[in-house]
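Colleague: Mind folding the following:
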Amino acid sequence: MAVVGLGMDICSVERIQRILDSPRRQKFLERVYTVAERQLCSNRYDTAAAYAARFAAKEALYVSRAHRYPVSKSLDVSGIETPKGPAADVD
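Modeller: Alright, predicted model coming up:
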């Protein structure tokens, strides 16, 4: 597969932690992360950091694909674990 674009993004762990501590937690998690991502991140001791890393990866993918291959919503992109490490999966 050819590289079609590059993207990079960062996300504040503190920002995600504030959302996780707020009443809008569930709505945010359901809108942005797949069920598998929520299970994986929720079981980690560094929950906010895990969610922030996946959020940044999704944003980076959007940036890299924005003009040629648009992604419609956060649930179209999920982080998966492979034998070689984390990877993005686009539906």
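Colleague: Alpha carbons only: can I get the longest helix along the chain in CSV?
Modeller: Counting residues, the longest helix found in the chain (DSSP state H) is helix 47-65. As requested, the backbone C-alpha atoms of helix 47-65 are provided in CSV (Å, rounded to 0.1, in the frame of the first residue of the first chain):
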residue,chain,number,x,y,z
THR,A,47,-6.6,5.2,31.2
ALA,A,48,-6.5,8.9,30.3
ALA,A,49,-3.2,8.5,28.6
ALA,A,50,-4.4,5.5,26.6
TYR,A,51,-7.5,7.4,25.5
ALA,A,52,-5.4,10.5,24.6
ALA,A,53,-3.0,8.5,22.5
ARG,A,54,-5.8,6.9,20.5
PHE,A,55,-7.5,10.3,20.1
ALA,A,56,-4.3,11.8,18.8
ALA,A,57,-3.8,8.9,16.4
LYS,A,58,-7.3,9.3,15.0
GLU,A,59,-6.8,13.0,14.5
ALA,A,60,-3.5,12.4,12.7
LEU,A,61,-5.2,9.9,10.4
TYR,A,62,-7.9,12.4,9.6
VAL,A,63,-5.3,15.0,8.7
SER,A,64,-3.3,12.6,6.5
ARG,A,65,-6.4,11.5,4.6
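Colleague: where along this protein do the helices fall?
Modeller: Using DSSP H, helices in the chain cover 13-20, 25-32, 35-42, 47-65.
Colleague: closest one to residue 83 among the ones you listed?
Modeller: With C-beta to C-beta, the closest approach to residue 83 among the helices of the chain belongs to helix 35-42: 16.0 Å. All C-beta spots, glycine's among them, are computed from the backbone N, C-alpha and C.
Colleague: What residues of that closest one count as buried?
Modeller: By 16 or more other C-beta atoms under 10 Å, the buried positions in helix 35-42 come out as 37-38, 40-41.
Colleague: on that earlier part again, possible to save the helices of the chain as TSV with mean pLDDT and distance to residue 83?
Modeller: Below are the helices of the chain laid out as TSV (pLDDT from 0 to 100; distance: least, C-beta to C-beta, whole Å):
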stretch	mean pLDDT	distance to residue 83
helix 13-20	95	27
helix 25-32	94	26
helix 35-42	91	16
helix 47-65	83	18
